[in-house]
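Colleague: Quick one: sequence and predicted model below, then my questions.
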Amino acid sequence: MSSLRPSGRRSGFTLIELLVVIAIIAILIGLLLPAVQKVREAAARTSCSNNLHNIALAVHNYHDANGTFPPVRVGNNHATWFVLIMPYMEQGNISKGWDFSIHYVNQTPAYREMQVKSYYCPSRRGPAAGQVHRPEQVVPADVTPPPEFSGTSTDTRFSGTNQPPGALGDYAACLGEYGFFASPAAEVCFSDTRGNGAMIVGTFNNTTRTWRSNTGINSISDGTTNTFLVGEKHVPAGMFGRLKVGDGSIYLGVWTTYSGRVAGIAHPLANGPNDVTPTRAEPRPPGGSGTWRPGNDAAYSKKFGSWHSGVCQFALADGSVRSVRNNVDEVTLARLAARNDGQVIGDY
């Protein structure tokens, strides 16, 4: 019988062949990663657009039930429009835990901190346990803020007693083209019928503990297809939960910047998450008095802005969602933010 003997040759890869295979795999991964990231961002942007559409639909359902849009806040230190529309966002179990006649600080903590996934843009963040605003956190070491954000504030308005923790969110109602003014009535343009956004601050009656909204569909004389209703609010990278950048609880009506934003002259769209350009000081529009605050107590908190590449998404008052270029002309932006200026809107 003949015996079987090994031929002396071994199967397998040589070192050179293995290195070539590894190099090919590395190249393929390098080519695929950007594509995967683009697909992931496209999915996140679509999800964000759906959030805005659903929020706008909830606002309109609120309007159908109440005859007006929800006010941006029930009253100073009271609940905001995000709580008011919860029954129309299939979140009635949360809003049932709120007493709208009392201040935010007196609400049950569990309901103040309960998060709604649809209120977050997945490109920026999502709901997470313990993700709430923290009274005057120190800015992280890897962030270079202007002097007003260089440490813990001594302003008691931002204390834990006055602003206990609450859930965050990435969207804001359009308050119009105006900002906050250095006049005694700092929010005069938002607190009465002169406010020119689709949703403005309501009027709270301390005697009856009730409120009313100041805007509705009929007040949008420029047309619902030409007016911002809700958009993505700007929060600089590394500053989540910072009260002074307007990332306080979206349920808290102590400042309108937590649940509302303005847009237009001196308030352009933020250019991505790393934009820390303060609002520019500009004169108040004709017919008013006072000047824009240069931003010494909320420099970034007035702007709209997103973490999508080159654009910020808005739900218009007709419920449609549009992506607006970050470098859109500020005059066009102002006309989109105002509901009743009677101006023709250019391309955007």
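Modeller: Noted; the coordinates are in hand.

Colleague: Send over stretch 303-320 as CSV, restricted to the C-alpha atoms.
Modeller: Only the C-alpha atoms of stretch 303-320 are listed here, as CSV (Å, rounded to 0.1, in the frame of the first residue of the first chain):
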residue,chain,number,x,y,z
LYS,A,303,-31.8,82.8,18.0
PHE,A,304,-33.2,79.9,16.0
GLY,A,305,-30.6,77.3,14.9
SER,A,306,-30.1,73.6,14.3
TRP,A,307,-27.4,70.9,14.2
HIS,A,308,-28.2,70.0,10.7
SER,A,309,-25.7,70.9,8.1
GLY,A,310,-26.3,74.4,6.6
VAL,A,311,-30.0,74.7,7.4
CYS,A,312,-32.5,75.2,10.2
GLN,A,313,-36.0,73.6,9.9
PHE,A,314,-39.3,75.4,10.6
ALA,A,315,-42.9,74.4,10.7
LEU,A,316,-44.9,77.1,9.0
ALA,A,317,-48.3,78.2,10.2
ASP,A,318,-50.0,76.0,7.6
GLY,A,319,-48.4,72.9,9.1
SER,A,320,-45.8,72.4,6.3
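
Colleague: Could you check the pLDDT of residue 81?
Modeller: pLDDT recorded at residue 81 is 95.

Colleague: Name the SS class of residue 232, please.
Modeller: Following DSSP: H, G, I helix; E, B strand; the rest coil, residue 232 is assigned to strand.

Colleague: likewise residue 26?
Modeller: Secondary structure, three-state DSSP: residue 26 is helix.

Colleague: With residue 33 as the reference, measure out to it.
Modeller: Taking Cβ to Cβ, to the nearest Å as the measure, residue 26 falls 11 Å from residue 33. All C-beta spots, glycine's among them, are computed from the backbone N, C-alpha and C.

Colleague: so where do the strands sit in the stretch 51-200 of the chain?
Modeller: All strands of the stretch 51-200 of the chain, identified by DSSP state E, counting those that start in this stretch, fall at 171-176.

Colleague: what separates the nearest residue to residue 65 once chain neighbours are set aside from residue 77, distance-wise?
Modeller: Excluding the flanking residues, the one nearest residue 65 by Cβ to Cβ, 6 or more residues apart in numbering is residue 88, at 8.0 Å. Separation of residue 88 from residue 77 (Cβ to Cβ): 24 Å.

Colleague: Which one's more surrounded, those two?
Modeller: residue 88 (21 against 18; other Cβ atoms under 10 Å).

Colleague: Would you check that the more buried one makes contact with residue 54?
Modeller: No. Applying Cβ atoms under 8 Å as the test, residue 88 and residue 54 come out as separate, 9.1 Å apart.

Colleague: Any regions of the stretch 1-150 of the chain where pLDDT drops low?
Modeller: 1-13, 35-39, 129, 135-150 (pLDDT under 70).

Colleague: Which stretches in it count as helices?
Modeller: For the stretch 1-150 of the chain, the helices defined by DSSP state H, counting those that start in this stretch cover 15-66, 81-84, 92-95, 109-112.

Colleague: between those helices, which one is nearest to residue 341?
Modeller: helix 15-66 (21.0 Å; Cβ to Cβ).

Colleague: Now do that closest one against strand 171-176, angle only.
Modeller: Relative orientation of helix 15-66 versus strand 171-176 (axes from the mean of the first three to the mean of the last three Cα atoms, to 10 degrees): 50 degrees.

Colleague: chain center to helix 15-66: distance?
Modeller: 20 Å (Cα atoms, centre = their mean, to the nearest Å).

Colleague: contacting residues around residue 304?
Modeller: By Cβ atoms under 8 Å, 6 or more residues apart in numbering, residue 304 lies in contact with 172, 231-234, 261, 263, 269-270, 312, 314.

Colleague: I'd like these laid out as CSV, including distance to residue 334, neighbour count and pLDDT.
Modeller: As requested, the contacts of residue 304 are arranged in CSV below (distance: Cβ to Cβ, whole Å; neighbours: other Cβ atoms under 10 Å; pLDDT from 0 to 100):
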residue, distance to residue 334, neighbour count, pLDDT
172, 16, 29, 96
231, 14, 30, 97
232, 18, 28, 97
233, 17, 30, 95
234, 17, 29, 93
261, 13, 30, 90
263, 7, 32, 89
269, 12, 25, 94
270, 16, 23, 92
312, 15, 26, 97
314, 14, 29, 98
